[in-house]
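1. Task: produce atomic coordinates for the following.
(2 chains)
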Amino acid sequence: MDVISEFFSEYDGLGAFRQTIYLTLVSALLALVIGTVVAVMRVSPIRVLQLIGTAYVNIVRNTPLTLVIVFCNLGLFLQLGISLADQNSPTSIDDNNFRLAVLGLSVYHAAFVAEAIRSGVNTVPLGQAEAARAIGLPFLKTLRYVVLPQAFRGAIAPLGNVLIALTKNSTVASVIGVTEASAVMKVMMENRPDVIFVVFGIFAVGFVILTLPVGILFTSLSKRLAVKR
Amino acid sequence: MRQRIIAALGITVLAATSLTACGDDTGAGGSGSSGDKITIGIKYDQPGLGLKEGSNYTGLDVDVAKYVAKEMGFEEGNIEFKEAPSPQRETLLGNGQVKMIFATYSITDSRKEKVSFAGPYLVAGQDLLVKADETSITGPETLNGKKLCSVTGSTSAQKVADQFAKTVQLQKYDTYSKCVEALASGAIDAVTTDNTILAGYAAQAANAGKFKVVGKTFSTERYGVGLKKGDTETCTKVNDALKKMIDSGEWQKAVDKNLGPAGLKLDPATNPAKTFETCA
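-> Take a look at the predicted model:
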């Protein structure tokens, strides 16, 4: 079982999982922002915005994540020369790949966040929006003060699911060279093929440790914060 | 609710049994030598070594595999090639899905824990691929401050960063073709892996004249024939076949045919291999 001590000492496995967590959290925040905007567009009364929102969700949701991430690197960076880091800094490759991965992950998961929030909006009775209109609130204020606060509380469980999916999907970032958990797993598997299943097990357990508490937390939150009707 | 729990349990049991089937070491698939057909693991994506083009297989690994199989009594029509990606090679051999593996499989001690090796049939070395007009990169120690590309998990990139150039920046992709793409665009300065693999990419029609292999190897990679652990019978046969191939000049022909166009010079001190792994 020396491979377990190697995981901590030689390969910096904890650092790899820290990178996974960091990647997940930054992408989750960005996805929440983009997703909220897209969801608002989809429920807005303006036809063009509705169409844009629907198109975004359908196109992004139906594109494989690997393709999105690889496009961020090969397409945006190599072909179009769009760099997200200073090319002269000594860590430009790592910084650039990390930011491109965040971009890809958040754009992709924003589609799922948008659908989760839209499902939350659907839990708010129509009467709420009608009452807001009746007291003279315009569309954005209706959303800001009446609909969205209730919608988010209704959308907590599906948003938790998106966060769990995002945690696991962050492993795709290894295809463009972000040193997160699955990349370190590949290095360990290359160096220690004799204990390949133990290596695999360590990382599988690591991901369960990351995602299980998130699931429990979001389930309990969704119960405590749900709007009692 | 109870029905659902039973269904969930059923699925779990199914999944678990299929998993154990994969990990079974004594599976019936290992009867390759007694049957008419032999299954050989190769790479499908390495030009010059093991490449699948339509239904044709080309490359040095393939030619050596065909020769060895013929010596063992298998006609070409009875050889079945199967893809053996690097992380799966030990498993494929262990559960008998392939009889032998010819797939740029370097003989190392940690691999010998799981599989047996015959050969080597080629001694390669880790090297660098750079643009044809590159002059500042002459070896691994000149990579400080440069950008180096390899695949995730590759040992050559680890070695450069640990031993030769501490301040090298590593770009890792899942495939070498992405590295070559990045090298062509100028986003990185060099690609590293075995010289045989690099030469294969440099010689591809789409890349002709664009890249060169630096030619200063910094490791010794002895490409062996992977066998199931303890398969001494096949090991002896393979070694005899390899020896015959080298003595008869067929080996040199295969090397010239597959690696010649890439202009790769194998180290004459180690090639062709004079001593083989002992079959114990």
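2. Any part of stretch B:150-157 near chain A?
-> Yes. Stretch B:150-157 comes into contact with chain A (C-beta under 8 Å from any C-beta of the partner chain), by way of B:Thr152, B:Gly153, B:Ser154, B:Thr155. Glycine gets a C-beta too; all of them are placed from N, C-alpha and C.
3. Near the last one, how many residues? Count them for me, please.
-> Summarising burial for B:Thr155: neighbours were counted as other C-beta atoms under 10 Å in any protein chain shown, giving 19.
4. At which residues are the helices of the chain located?
-> Using chain A. In chain A, the helices defined using DSSP state H lie at A:2-9, A:13-43, A:47-61, A:65-70, A:92-123, A:126-134, A:139-141, A:148-154, A:156-169, A:181-191, A:196-225.
5. I was after chain B.
-> Using DSSP H, the helices of chain B run over B:2-23, B:60-71, B:89-94, B:109-112, B:155-159, B:176-185, B:195-202, B:232-247, B:250-259.
6. just those: most buried one?
-> The highest mean neighbour count among those, using mean count of other C-beta atoms under 10 Å in any protein chain shown, belongs to helix B:195-202: a mean of 27.
7. can you tell me if that helix touches chain A.
-> No. Helix B:195-202 stays clear of chain A (C-beta under 8 Å from any C-beta), getting no nearer than 14.8 Å.
8. what sits against the spatially closest residue to B:Pro47 that is not a sequence neighbour?
-> For B:Pro47, ignoring the flanking residues on the chain, the nearest one in space by C-beta to C-beta, 6 or more residues apart in numbering or on different chains is B:Gly200 at 3.9 Å. The neighbours of B:Gly200, taking C-beta atoms under 8 Å, 6 or more residues apart in numbering or on different chains as the test, are B:Gln46, B:Pro47, B:Gly48, B:Leu49, B:Leu51, B:Gly59, B:Leu259, B:Ala262.
9. now do 10 Å
-> Residues counted as contacts of B:Gly200 (C-beta atoms under 10 Å, 6 or more residues apart in numbering or on different chains) are B:45-51, B:59-60, B:176, B:194, B:207, B:258-259, B:261-262, B:264.
10. Restricted to buried residues, select these in PyMOL.
-> The PyMOL command for the buried members of the contacts of B:Gly200 (criterion: 16 or more other C-beta atoms under 10 Å in any protein chain shown) is given here:
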select buried, chain B and resi 46+47+48+49+50+51+59+60+176+194+207+258+259+261+262+264
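11. Can you tell me which of the contacts of B:Gly200 end up in strands?
-> B:Asp45, B:Gln46, B:Gly50, B:Leu51, B:Asp194 (DSSP state E).
12. and the gap between the first one and B:Ile38?
-> Yep, that's B:Asp45 we're talking about. B:Asp45 sits 22 Å away from B:Ile38, taking C-beta to C-beta, to the nearest Å as the criterion.
13. okay if I get the helices of chain A as CSV plus mean pLDDT?
-> Converted to CSV, the helices of chain A look like this (pLDDT from 0 to 100):
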stretch, mean pLDDT
helix A:2-9, 82
helix A:13-43, 94
helix A:47-61, 96
helix A:65-70, 94
helix A:92-123, 94
helix A:126-134, 93
helix A:139-141, 91
helix A:148-154, 92
helix A:156-169, 95
helix A:181-191, 86
helix A:196-225, 92
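14. Going by neighbour count, which residues of stretch A:166-175 are buried?
-> Within stretch A:166-175, the residues scored as buried using 16+ other C-beta under 10 Å are A:Leu166, A:Thr167, A:Asn169, A:Ser170, A:Thr171, A:Val172, A:Ala173, A:Ser174, A:Val175.
15. Are that stretch and chain B in contact anywhere?
-> Yes. Against chain B, stretch A:166-175 shows contacts by C-beta under 10 Å from any C-beta of the partner chain at A:Val172, A:Ser174, A:Val175.
16. could you dump those to TSV with pLDDT?
-> As requested, the residues of stretch A:166-175 next to chain B are arranged in TSV below (pLDDT from 0 to 100):
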residue	pLDDT
A:Val172	94
A:Ser174	91
A:Val175	90
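17. which one of these is nearest chain B?
-> For those, the residue nearest chain B by C-beta to the nearest C-beta is A:Val175; the value is 4.4 Å.
18. pLDDT at the most centrally placed residue in chain B, what is it?
-> The centroid of chain B falls nearest to B:Thr104 when counting by C-alpha atoms, centre = their mean (2.2 Å). Looking at B:Thr104, its pLDDT reads 89.
19. Would you mind measuring from it to A:Leu105?
-> From B:Thr104 to A:Leu105 the distance is 33 Å (C-beta to C-beta).
20. Which of the helices of chain B has the lowest mean pLDDT?
-> helix B:2-23 (a mean of 50).
21. closest one to A:Val26 among the helices of chain B?
-> helix B:176-185 (24.0 Å; C-beta to C-beta).
22. how big is the angle separating the closest one from helix A:92-123?
-> For helix B:176-185 against helix A:92-123, the angle by axes from the mean of the first three to the mean of the last three C-alpha atoms, to 10 degrees is 120 degrees.
23. list the helices and strands helix B:176-185 packs on?
-> Judged by 3 or more C-beta pairs under 10 Å, 6 or more residues apart in numbering or on different chains; DSSP states H and E, helix B:176-185 is in contact with strand B:45-46, strand B:126-131, strand B:147-151, strand B:169-173, strand B:190-194, helix B:195-202, strand B:211-213.
24. count of neighbours near residue 74?
-> No chain was given, so I picked chain A. 18.
25. my question was about chain B
-> Count around B:Phe74 with other C-beta under 10 Å applied: 21.
26. Can you tell me how far it is from B:Gly59?
-> Here the criterion is C-beta to C-beta. By it, B:Phe74 lies 19 Å from B:Gly59.
27. same thing with A:Met188?
-> Remark: distance between A:Met188 and B:Gly59 (C-beta to C-beta) = 29 Å.
28. what does the stretch 101-250 of chain B have sitting close to chain A?
-> Neighbours of chain A within the stretch 101-250 of chain B, by C-beta under 10 Å from any C-beta: B:108-115, B:145, B:147-155, B:157-158, B:167-175, B:178-179, B:181-182, B:184-188.
29. picking that back up, now the residues of stretch A:166-175 next to chain B as CSV including distance to B:Lys82?
-> Below are the residues of stretch A:166-175 next to chain B laid out as CSV (distance: C-beta to C-beta, whole Å):
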residue, distance to B:Lys82
A:Val172, 27
A:Ser174, 25
A:Val175, 24
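30. Quick check: B:Lys112 touching B:Lys229?
-> Yes. B:Lys112 is within contact range of B:Lys229, at 8.5 Å (criterion: C-beta atoms under 10 Å).
31. tell me the contacts of A:Leu100?
-> A:Leu100 neighbours (C-beta under 10 Å, 6+ apart): A:69-73, A:75-77, A:82-85, A:173, A:176-178.
32. Which single one of the residues you listed is nearest to chain B?
-> A:Gly177 (3.7 Å).
33. okay, now that closest one: neighbour count?
-> For A:Gly177, using other C-beta under 10 Å, the count is 26.
34. ok now do the closest residue to it other than its chain neighbours, which residues does it touch?
-> With C-beta to C-beta, 6+ apart as the criterion, A:Gly177 has its nearest non-adjacent residue at 3.7 Å, and that residue is B:Lys172. B:Lys172 sits next to A:93-94, A:97, A:174-179, A:183, A:186-187, B:148-154, B:157, B:178-179 when contact means C-beta under 10 Å, 6+ apart.
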